[in-house]
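Enquirer: please find the sequence and the predicted model below.
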Amino acid sequence: MLAALSYVGKGKDRRAVLWRVSVSRRANQAAWEEFFEQLGGEPTFITCDRDDAMLNAIAATWPDAKVYPCVSHLQANVEAILRKGGLWDRRRALVRLLSDDSVFNLQIFNDPAKYAQFRLVALRYLRSELSKLNEKQLDAIVKLRRWIDANADAIVRSLVEAHWPVSVGALERALRGVKNSIYDRRANLKNMQRVGHLLVLAQLHQMGHADERQWAAVLRKNHLAHDGAPPPRRTVDDPALRTRKPKP
């Protein structure tokens, strides 16, 4: 699913709106460009998870838009590198910093002072005890160094330029509602057009625009047009869906 969320209203009346949800066989640059073109308008800034395909599509579609990283994804990226490399150990200062139960760790990439401390601890960690690490751990150290270098400019720009929201958490919460609403139908989702229509209905429900009476009238009209029988089944348009079975 490709999705975009925006905020409408001001002050206390400001609320998150699931702007659009779409379905695609793959989340590559072409798919994101097509999705962005369907949104209409041009945003002044975007908060996202810095996926390469998405960033390239943003640059191609809205070259003047400022792009800021999602702080939750930044922290998740670092944690994933350490965990995959077998370095997630609370005896390490860097891990304690990231796994602190207080609100501190939630602000590492959203507060200049805390980010500076993260950089200090991370760089100190990258230079120490390398001789004691195995090959898998050394590979993780290399990936962490590359990640820090690759994201440094975007993080600093995000810290010094005022913007909101700083995370895509609201979008992910809205998408959970959409996924839950169609989850029980997953075994029958074998036509991309039908899936797209279901996502639109789920989106309208999330936005508070669903009207059950109007929908019932549409269903009644459809049944009458087919003498009470369901319309012909839609074709399976994705070969991968022919044999896909839902997990128990």
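Expert: Noted; the coordinates are in hand.
Enquirer: helices and strands of this structure: which one bottoms out on pLDDT?
Expert: helix 192-207 (a mean of 82; mean pLDDT, DSSP states H and E).
Enquirer: what does it contact?
Expert: Counting by Cβ atoms under 8 Å, 6 or more residues apart in numbering, helix 192-207 makes contact with 1, 17-18, 20-23, 25, 174, 177-178, 181-182, 185, 189, 210, 215, 234, 237-238, all of which sit outside it. For the C-beta atoms, the positions are set from N, CA and C on the backbone; glycine is no exception.
Enquirer: now do stretch 113-132
Expert: Contacts with stretch 113-132, where a contact means Cβ under 8 Å, 6+ apart, come from 92-94, 97, 104, 107-109, 138, 141, 144-145, 148, 155, 159.
Enquirer: that older thread, in the least confident helix or strand of the chain, what counts as buried?
Expert: If you call a residue buried by 16 or more other Cβ atoms under 10 Å, then helix 192-207 has these buried ones: 192, 194-195, 198-199, 202-203, 206.
Enquirer: just to revisit the earlier point, now, the contacts of helix 192-207 that are in strands?
Expert: Among these, the ones falling in strands (DSSP state E) are 17-18, 20-22.
Enquirer: and the residues you listed, which is closest to residue 9?
Expert: residue 17 (9.2 Å; Cβ to Cβ).
Enquirer: which residues are in contact with that closest one?
Expert: 5-8, 207.
Enquirer: show me how the chain divides into domains.
Expert: Listed by automatic domain parsing, the domain ranges of the chain are 1-70+168-248, 72-154.
Enquirer: looking at the chain, which helix is longest?
Expert: Determined from DSSP state H, the single longest helix within the chain is helix 135-160.
Enquirer: who are the packing partners of that one?
Expert: The contact analysis (3 or more Cβ pairs under 8 Å, 6 or more residues apart in numbering; DSSP states H and E) places helix 135-160 against strand 66-69, helix 71-84, helix 112-126.
Enquirer: so which pair among the buried residues of helix 192-207 is furthest apart in space?
Expert: Maximum distance among the buried residues of helix 192-207 (Cβ to Cβ): 20.7 Å, for 192 and 206.
Enquirer: alright, I will stop here.
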